[in-house]
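# Model the following, please.
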Amino acid sequence: MSTATFSGSVGARIAERLARSLGPQRFSLWFDHTARIEYDETALQLDVFVATPFAATGIRRRYESDLRAAAKEELGHEVQVDVRVEPTRFQCAVPTDHEAAMRPAPARTASNESVHRFRYRLEDFVVGTSNELAFAAGTQIAEEDTAVSGHPLFFYGECGVGKTHLLQGICRRRLEREPGCRVRYTTGEQFTNEYIHALRERRIDGFRRSIRQLDLLAVDDVHFLGPREKTQAEFLHCFDQIDLAGARVVLASDSHPKGLGQFSKPLISRCVRGLVVQIRPPDPETRIKLLRVLADRRGMTLLPSAIERLSQQAVGSVRDIEGLLTRLHAMAMLLGDSGDTTPMAPVGHVLVDSLLAMEQNELDYRPVRFEQVIDAVIRQLGVNRSQIAGRGRNKHIVLARSLVAYLARTMTTMSFPEIAAAMQRRNHSTVVTAAQRMERKIKQDTPVLIPGETAELTPRQLVARLRQAIKAAG
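Numbers count the residues shown, from 1 in each chain. Purely as a prediction, here's the structure:
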């Protein structure tokens, strides 16, 4: 992605926040290939360089406030935004009008500029037990290892576990090793929009050539193709043509291919023909690695006590860990001497505890619905509603019932009789018992292994993860 000159830079992190705020379609249209975002620390200014006056006018009018908000969220203070037209910064020709900007971009040979359009690098990916197989497989594809050649690679996992990082890192590494390689990173939504636009503009042959002549195609959020039968069929034809030509296909989704119910059988068959790898939320060891790496990139020093507290609390995705650390960084800057140029003082558990207490207070005052609670527990423990409402005594089902009862009582305004009715229990005393059972488990804090996890979690960590998931869903 061309919005950042260096992976991990302030500009790259602001660009990532902006992308999440705007959504992939708008971000791709206005920023992905025709803008660069850089932060001037001396002037406290965000510089946005674009190639055409049209792009400058559009960004100033539509997205200047979004840029300011993304910068403030990352930096913790207000910045000025300056949008400049500097076509010399862009080596490749760019559209000069809005219609041209909407056209599918043809495959092109790589240059140093095209390498740096990707925010993420494989070198920056923090590897642990939960993602080491995915990283190894992705590295093999990027380096054209014959052990995996000729077969697609499919990553799946919940949001924020590193799928996008791996896909963009694979593309970047491939271009670095083979500058003339034709590489394309896109999303399921972007593929769909470009296909529809090509049909309307009667440029479908050009669209097909731009995809089918690639050496490497990486598609993020491929599940977006699900409800669209014609787009699925077009993607399947492109998939087959790329495969016949000996090129590589790397896909990512939030579910296993067989779990994508709206996918056609032929498309599912193509996806599972190669290696399908799940990326799980980071385990305790990886969380500690992530905290140290991300803190170092922000110029923070975390004391062992702070790392311990954070690793126990940040039990969700990599994105959850990044968000928690970003808020801690902003808090440390606000409480420190922000006008001084000396390094930030090491952060200990006192500041971490203050931040966690603030976030818990915010969560306590936010209304939570029972549906949010039960949905989070179902996703985490791999059970279904009928099992929770039934009489089964499998230890994971009993744990799920206890979690629903405990979280519903502590996070919603429902009484025990109301929770019992929602859980389809005849007597609310069973719900009281389930909630008390969970309280005892939290006090004992004996680690348990839940389905889909490679490492044990303590009940306290499990509850913290579910609270974060419920908060995010709200």
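# do you know how far the spatially most central residue of the chain is from residue 410?
The chain has residue 160 as the residue nearest its centroid, 3.0 Å off, counting by Cα atoms, centre = their mean. Look at residue 160 and residue 410: by Cβ to Cβ, to the nearest Å, they are 25 Å apart. C-beta coordinates here come from the backbone N, C-alpha and C atoms, glycine included.
# which stretches of the stretch 201-350 of the chain have low pLDDT?
Scanning the stretch 201-350 of the chain for pLDDT under 70 picks out the ranges 315-316, 335-344.
# What segments of it are strands?
For the stretch 201-350 of the chain, applying DSSP state E, counting those that start in this stretch gives strands covering 216-220, 248-253, 275-278.
# Format the ones you listed as TSV; extra columns: mean neighbour count and distance to residue 355.
Shown next, in TSV, are the strands of the stretch 201-350 of the chain (neighbours: other Cβ atoms under 10 Å; distance: least, Cβ to Cβ, whole Å):
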stretch	mean neighbour count	distance to residue 355
strand 216-220	25	31
strand 248-253	25	32
strand 275-278	18	31
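# quick one: which of the ones you listed is nearest residue 20?
Each of the strands of the stretch 201-350 of the chain was scored for nearness to residue 20 using Cβ to Cβ, and the closest is strand 216-220 (13.2 Å).
# Let's see that closest one as PDB, backbone CA atoms only.
Presented in PDB, the C-alpha positions along strand 216-220 are these (Å, rounded to 0.1, in the frame of the first residue of the first chain):
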ATOM      1  CA  LEU A 216       0.500 -14.100  -7.400                       C
ATOM      2  CA  LEU A 217      -3.000 -13.200  -6.400                       C
ATOM      3  CA  ALA A 218      -3.800 -12.500  -2.700                       C
ATOM      4  CA  VAL A 219      -7.400 -12.000  -1.800                       C
ATOM      5  CA  ASP A 220      -8.400 -10.900   1.700                       C
END
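# which strands and helices sit next to that strand?
Under the contact criterion of 3 or more Cβ pairs under 8 Å, 6 or more residues apart in numbering; DSSP states H and E, strand 216-220 touches helix 163-177, strand 183-187, helix 188-200, strand 248-253.
# Partner strands of the last one and their direction?
Okay, so that is strand 248-253. Strands adjacent to strand 248-253 in the sheet, as given by DSSP bridges, are strand 153-156 (parallel), strand 216-220 (parallel).
# swap in the second one?
Neighbouring strands of strand 183-187 in its sheet, by DSSP bridges, are strand 216-220 (parallel).
# what kind of secondary structure is the residue nearest to the centre of the chain in?
On the three-state scheme (DSSP: H, G, I helix; E, B strand; the rest coil), residue 160 is labelled coil.
# mind listing what it touches?
Residue 160 sits next to 316-320 when contact means Cβ atoms under 8 Å, 6 or more residues apart in numbering.
# For it, give me the pLDDT.
Listed pLDDT for residue 160 reads 80.
# Which stretches in the stretch 301-450 of the chain count as helices?
Per DSSP state H, counting those that start in this stretch, the stretch 301-450 of the chain carries helices over the ranges 304-313, 318-335, 349-365, 370-381, 385-389, 395-411, 416-422, 428-444.
# Quickly note the distance from residue 154 to residue 271.
Note on residue 154: its distance to residue 271, by Cβ to Cβ, is 5 Å.
# How about the residue of the chain positioned farthest from its centre, nearest residue that isn't a chain neighbour?
Distance from the C-alpha centroid of the chain, by Cα atoms, centre = their mean, peaks at residue 427 (41.7 Å). Distance criterion Cβ to Cβ, 6 or more residues apart in numbering; nearest residue to residue 427, sequence neighbours excluded, is residue 420 at 6.8 Å.
# what about the one you found, how many neighbours?
If you count neighbours by other Cβ atoms under 10 Å, residue 420 ends up with 21.
# Contact partners for it?
Residues in contact with residue 420, defined by Cβ under 8 Å, 6+ apart, are 426-428, 430-431.
# Quick check: phi and psi at residue 180.
Here is the backbone geometry of residue 180 (degrees, to the nearest 10): phi -90, psi 0.
# got a pLDDT number for it?
The predicted local confidence for residue 180 is 80.
# May I see the ChimeraX selection of the buried members of the contacts of residue 420?
Buried members of these, defined by 16 or more other Cβ atoms under 10 Å, are picked up in ChimeraX with:
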select :428,431
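# Out of the contacts of residue 420, which is nearest to residue 180?
Of all those, residue 431 has the smallest distance to residue 180: 64.6 Å, by Cβ to Cβ.
# could you point out which element follows the longest helix along the chain?
Across the chain, the longest stretch assigned as helix under DSSP state H is helix 53-75. From helix 53-75 onward toward the C-terminus, using DSSP states H and E, the following helix or strand is strand 80-85.
# What is that following strand packed up against?
Under the contact rule (3+ Cβ pairs under 8 Å, 6+ apart), strand 80-85 is packed against strand 45-50, helix 53-75.
# Please enumerate residues in contact with the last one?
Which is helix 53-75. By Cβ under 8 Å, 6+ apart, helix 53-75 touches 10, 13-15, 17-18, 21-22, 30-31, 34-35, 37, 39, 46, 48, 50, 78-79, 81, 83-85, 94, 96-98, 101, 326, 330.
# for the first one, same thing?
Residues from elsewhere that reach strand 45-50 (Cβ under 8 Å, 6+ apart): 11, 14, 34-40, 56, 59, 67-68, 71, 79-86, 89.
# okay, the angle between that strand and helix 53-75?
On the basis of axes from the mean of the first three to the mean of the last three Cα atoms, to 10 degrees, strand 45-50 is oriented at 150 degrees to helix 53-75.
# What are the buried residues along strand 45-50?
46-50.
# Who does it pair with, and is each partner parallel or antiparallel?
When pairing is defined by DSSP bridges, strand 45-50 lines up against strand 35-40 (antiparallel), strand 80-85 (parallel).
# ok, back up a step: pLDDT and distance to residue 449 added to the contacts of residue 420, as a markdown table?
A markdown table is the format used below for the contacts of residue 420 (pLDDT from 0 to 100; distance: Cβ to Cβ, whole Å):
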| residue | pLDDT | distance to residue 449 |
| --- | --- | --- |
| 426 | 79 | 32 |
| 427 | 81 | 31 |
| 428 | 85 | 31 |
| 430 | 86 | 26 |
| 431 | 89 | 26 |
